[in-house]
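# Sharing a model that was predicted from the sequence below.
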Amino acid sequence: MAVPARIKALSFTRLGAALGVAVLATFGLAGTAQAATDYVALGDSYSSGVGAGSYGNSGDCMRSANAYPQLWANAHAGTTFKFVACSGARTGDVLNQIANVTSSTTLVTVSVGGNDAGFADVMTTCTTGSDQTCVNRVNTAKTYVNNTLPGLLDNVYGKIKAKAPGAKLVVLGYPRFYTVPGSCSVGLSDTKRTAINSGSDTLASVLSARASAHGAKFVDVRGAFTGHNICSSASDYLHSLTWPIVNSYHPTVAGQRGGYYAPLVSAIG
Ligand SMILES: CCCCCCCCCCCCCCCC(=O)Oc1ccc([N+](=O)[O-])cc1
């Protein structure tokens, strides 16, 4: 049966438009195929999302449905996502996590170094000891971060790049914990809070330098946490010393979204 020319023309126009949209969606305006992201999320508890709840069946690794890697995967349809970050991970543990990175991986995020630097011991010492004991412990940690951590990070970032030379590698840092002086009247002294914040700054500068040396992008989260850290007026992005103890000094649900996910999206889309 003959199709009237007017209807035929209309159909072809609509088909053409639909195909055009499909082609644009597939290849983008530049004409290159936009393959779906193959994303592997590595790292410690700041990446697994300790403190943000909803850990599903991830056991001791405490991988949260509210953690920034999961938020990024949810927002990018079609992403192949391997979430292997784990609470308590040090650089040596992340070397094992790298087994999940392959030559087809296109995006890797990682936060690591805080546990190597003795984060838990620093916080315990600063909570229980004198100002001077706390300052000394932080200084020991800073010496470690400046002298020993760079080599450990080079090994981690280098191995990731070797397994996935084409992947974008994003290194995320850690927040300053405190506003000083702030609106907290109990707990640590301002001297201790200032010392701990300076430990965060030392970590940020070493993480940034080692990331740059490997062609990785460093996402500095300190700015996003400002005004939301402990003793700030909002004080909503970080748990202070709390129960369960493991949540202490870790991002809340709001902290994962506003402090980590938002700067990650600003950095890579
Ligand atoms: C120069 C270092 C000074 C250290 C004080 C400054 C801290 C700012 C940076 C915080 C880094 C925290 C990284 C730790 C992430 C992590 O995995 O935490 C843990 C979470 C849970 C456990 N655990 O054992 O259950 C152990 C550790």
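That came in fine, so what should we check first? Just so it is clear, the model here is predicted, and its values are computed rather than measured.

# what pLDDT does the closest residue to the ligand within the stretch 151-269 of the chain get?
Residue nearest to the ligand within the stretch 151-269 of the chain: residue 199 (2.7 Å; CB to the nearest ligand atom). C-betas here are computed from N, CA, C, even on glycine. Residue 199 is assigned 98 on the pLDDT scale.

# With residue 195 instead?
Residue 195 carries a pLDDT score of 98 in this model.

# quick one on the thing from earlier: the residue of the stretch 151-269 of the chain closest to the ligand is in contact with residue 114, isn't it?
No - with contacts defined as CB atoms under 8 Å, residue 199 does not count as touching residue 114, sitting 9.2 Å away.

# Please identify the residues of the stretch 151-269 of the chain in proximity to the ligand?
Neighbours of the ligand within the stretch 151-269 of the chain, by CB under 6 Å from any ligand atom: 174, 196, 199-200, 202-203, 246.

# what's the most distant pair in these?
Distance extremes for those: the farthest pair is 202 and 246 at 24.0 Å, using CB to CB.

# So which of these two has more stuff around it?
For residue 202 and residue 246, the more surrounded residue by other CB atoms under 10 Å is residue 202, and the numbers stand at 20 against 17.

# What segments of the stretch 101-250 of the chain are helices?
Remark: helices assigned in the stretch 101-250 of the chain by DSSP state H, counting those that start in this stretch are 119-128, 131-147, 149-163, 190-213, 222-225.

# Now render those helices as CSV, adding distance to residue 256.
What follows is the helices of the stretch 101-250 of the chain, written out as CSV (distance: least, CB to CB, whole Å):
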stretch, distance to residue 256
helix 119-128, 18
helix 131-147, 24
helix 149-163, 22
helix 190-213, 17
helix 222-225, 11
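
# Out of those helices, flag the one nearest residue 92.
Between residue 92 and the helices of the stretch 101-250 of the chain, the tightest spacing by CB to CB is seen for helix 149-163, at 8.0 Å.

# if I pick the residue of the stretch 151-269 of the chain closest to the ligand, what's in contact with it?
117, 122, 138, 141-142, 145 (CB atoms under 8 Å, 6 or more residues apart in numbering).

# Return the distance of residue 157 relative to residue 185.
To residue 185, residue 157 is 42 Å away according to CB to CB, to the nearest Å.

# Mind checking which of the two has more residues around it?
Taking other CB under 10 Å, residue 157 and residue 185 do not tie; residue 157 has more neighbours (24 against 6).

# ok, back up a step: need the residues of the stretch 151-269 of the chain next to the ligand in JSON lines with distance to residue 43, can you?
Formatted as JSON lines, these follow (distance: CB to CB, whole Å):
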{"residue": "174", "distance to residue 43": "11"}
{"residue": "196", "distance to residue 43": "21"}
{"residue": "199", "distance to residue 43": "18"}
{"residue": "200", "distance to residue 43": "16"}
{"residue": "202", "distance to residue 43": "19"}
{"residue": "203", "distance to residue 43": "13"}
{"residue": "246", "distance to residue 43": "16"}
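
# just these now: which is nearest residue 227?
Nearest to residue 227 among those, with distances taken as CB to CB, is residue 200, at 15.6 Å.

# Enumerate every residue touching that closest one.
By CB under 8 Å, 6+ apart, the residues touching residue 200 are 174-177, 222.

# can you name the two of these that are farthest apart?
177 and 222 (10.4 Å).

# neighbour count winner among these two?
Neighbours were counted for residue 177 and for residue 222 using other CB under 10 Å; residue 177 has more, 20 against 17.

# just to revisit the earlier point, which one among the residues of the stretch 151-269 of the chain next to the ligand gets closest to residue 238?
residue 174 (10.4 Å).

# That closest one is in contact with residue 203, isn't it?
Yes - contact status for residue 174 versus residue 203: in contact at 5.7 Å, counting by CB under 8 Å.

# phi, psi of residue 91?
Backbone torsions of residue 91, given as degrees, to the nearest 10, read phi -60, psi -40.

# thought it was touching residue 111?
No - with contacts defined as CB under 8 Å, residue 91 does not count as touching residue 111, sitting 11.3 Å away.
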